[in-house]
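# Fold the following.
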Amino acid sequence: MLKQDLTAYKAPDMKMKRMADRREVIKLKKNLYKTGPTVSGYLEAAAICTPSYLSFDYALSCHGLIPERAKIYTSATCRKRKKKTFRNWFGNIYIYI
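Numbers count the residues shown, from 1 in each chain. Prediction:
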């Protein structure tokens, strides 16, 4: 949606890069930016690595099956990598297994 908002610019990709350098937007990964802390972490988790789904400790915590509150978004994926961890500027941690 950000790219659509920047169609008035000749080089919207460069504008997004400059916005990320000035911390107006946060780059989560290539072509994926976050404009503020209002977007839920579980929505970001699905967008960062696809295909994936929230699982493990996070899912158990959401459904009240464990008493602890999970602060790390753990997802299962069929990617060939063993384990991948992402951290963003807001302090969210995403783990893909």
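
# Tell me the helix or strand right after the biggest helix by length in the chain.
With secondary structure taken from DSSP state H, the chain has its longest helix at helix 12-21. Helices and strands here follow DSSP states H and E; after helix 12-21, the next one along the chain is strand 26-29.

# follow-up on the earlier one: for the longest helix of the chain, output the C-alpha coordinates as PDB.
This file holds the C-alpha atoms of helix 12-21, laid out as PDB (Å, rounded to 0.1, in the frame of the first residue of the first chain):
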ATOM      1  CA  PRO A  12       9.100   5.100  -5.400                       C
ATOM      2  CA  ASP A  13      11.600   2.500  -4.300                       C
ATOM      3  CA  MET A  14      14.200   5.100  -3.600                       C
ATOM      4  CA  LYS A  15      11.700   7.200  -1.700                       C
ATOM      5  CA  MET A  16      10.900   4.100   0.500                       C
ATOM      6  CA  LYS A  17      14.600   3.500   1.000                       C
ATOM      7  CA  ARG A  18      15.100   7.200   2.100                       C
ATOM      8  CA  MET A  19      12.100   6.900   4.400                       C
ATOM      9  CA  ALA A  20      13.600   3.800   6.000                       C
ATOM     10  CA  ASP A  21      16.900   5.500   6.500                       C
END
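
# can you list contacts of that helix?
Outside of helix 12-21, the residues that reach it under the criterion CB atoms under 8 Å, 6 or more residues apart in numbering are 2-3, 6, 9, 25-27, 33. The way it works is simple: take the backbone N, C-alpha and C, and place the C-beta from them, glycine included.

# try 10 Å this time
Contacts of helix 12-21 with the rest of the structure, by CB atoms under 10 Å, 6 or more residues apart in numbering, involve 2-6, 8-9, 11, 24-27, 31, 33-35, 89.

# Repeat that for stretch 30-43.
Contacts made with stretch 30-43 from outside it, assessed by CB under 10 Å, 6+ apart, are listed as 1-3, 5, 13, 16-17, 19-20, 24-28, 44, 47-48, 54, 58-59, 62, 71-73, 75, 88-94.
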